[in-house]
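Colleague: Kindly return the folded structure for what I paste below:
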Amino acid sequence: MKRTILLLTAVFFLTLAVTACRSGVSEDPILKLSAQESLAQGKELLAKNKYAKARPYFTHAFEVEPNSAIGREALLLAADTYYLEGGSTNFVQAEAKYRDFLNRFPTSTQASYVQFQIANSLAKRMERPDRDQSVTRKALDAYDELVRLYPTSEYAAQAQQQSKLVKANLGEHEFLVGRFYMRFGTPGSASQRFEYLLANFPDYPQKEKVLYNLIVVYQQMKRIDDAKKILEQLRAEYPQSPWLAQVPDLKDVKSGGAGK
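Modeller: Numbering: from 1, shown residues only. Predicted structure coming up:
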């Protein structure tokens, strides 16, 4: 008898919960809107920078008419709300939404903008040069993809400018790794990093310090002729560089100074 009462009580509360859930869904005012109405209200909120509040309206508009012009616009605006709101988690969500849009509508007239925003969403999540650069490399690939696919796009020039900042971050990462090897007495590994940096990041903004440190590690490795060639390059390209005053005497000695 007691078990029957407990079972009936459980069923009663379960029914109550289901009813409440259904009631909550049916009372959501957004679900009563047409796609066009939902899109319009979302835009009003977006204009007021109320990104989180605008997002459900765009999501609903897309879900109601996923293949219409209204639905496409709503999906793109939903992605924009994540990007504009900012923050690491939102940039991840923005990238996912933009990719979803591009997968669904690859021939859209907005495709170049969406690819640009994918790259920007990744670039916004770049780590400092002394940390992991996997996201930074993905951002660079995304900018390069934009330039490759949409070379005449209005976003191509912006992508090239942004990619310079991304490359500078990657270049600094290579420099810091090289300096790490120098500190721990492995000049061979350091030289490989500096050589890679110079070969792959020709626009790296602090090239002169790389040249100086490469001179030092070549001296430590007794590659004096190579060190002298790099010294000539440093003098030719940066005749006023303060690093020139710190270059060690390039004679066949066992070791040189430490770079900064």
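
Colleague: sec struct for residue 185, please.
Modeller: With DSSP: H, G, I helix; E, B strand; the rest coil as the basis, residue 185 sits in coil.

Colleague: what's the pLDDT at it?
Modeller: The per-residue pLDDT reported for residue 185 equals 94.

Colleague: Need phi/psi at it.
Modeller: Main-chain torsions, residue 185, degrees, to the nearest 10: phi 70, psi 30.

Colleague: what about it, how many residues close to it?
Modeller: As a burial measure, residue 185 scores 10 neighbours (other C-beta atoms under 10 Å). (C-beta placed from N, C-alpha, C; glycine too.)

Colleague: Quick check: the gap between it and residue 224.
Modeller: Look at residue 185 and residue 224: by C-beta to C-beta, to the nearest Å, they are 19 Å apart.

Colleague: mind checking which helix or strand of this protein has the lowest mean pLDDT?
Modeller: Ranked by mean pLDDT, DSSP states H and E, the weakest helix or strand in the chain is helix 2-26, scoring a mean of 46.

Colleague: for the record, mean pLDDT for whichever helix or strand comes after that helix?
Modeller: Using DSSP states H and E, the next helix or strand after helix 2-26 towards the C-terminus is helix 35-47. Across helix 35-47, pLDDT averages out at 97.

Colleague: ok, and the closest non-adjacent residue to residue 182?
Modeller: residue 190 (4.6 Å; C-beta to C-beta, 6 or more residues apart in numbering).

Colleague: Can you list phi and psi of the one you found for me?
Modeller: Dihedral angles (degrees, to the nearest 10) for residue 190: phi -60, psi -40.

Colleague: Just the local confidence number for it, please.
Modeller: pLDDT, read off for residue 190, is 98.

Colleague: Tell me how many other residues crowd it.
Modeller: 27.

Colleague: Residue 52 too?
Modeller: Neighbour tally, residue 52, other C-beta under 10 Å: 11.

Colleague: My read is that it contacts residue 86, right?
Modeller: No. Taking contacts as C-beta atoms under 8 Å, residue 52 lies outside contact range of residue 86: 11.5 Å.

Colleague: hmm, back to that, ok, the residue nearest to residue 182 to residue 224 distance?
Modeller: 17 Å.

Colleague: Please apply the same query to residue 116.
Modeller: 48 Å.

Colleague: Also residue 33?
Modeller: For residue 33 relative to residue 224 (C-beta to C-beta), the value is 76 Å.

Colleague: Looking at the two, which one has more neighbours?
Modeller: residue 33 (18 against 14).

Colleague: just the helices in the stretch 101-250 of the chain please.
Modeller: 111-123, 134-149, 156-183, 187-200, 207-220, 224-237 (DSSP state H, counting those that start in this stretch).

Colleague: Surely residue 154 touches residue 112?
Modeller: Yes. With contact defined as C-beta under 8 Å, residue 154 counts as touching residue 112 (7.5 Å).

Colleague: And the helix or strand that residue 80 is a member of, what's buried?
Modeller: Assigned by DSSP H and E, residue 80 belongs to helix 69-85. Along helix 69-85, these residues count as buried under the neighbour rule (16 or more other C-beta atoms under 10 Å): 70-83, 85.
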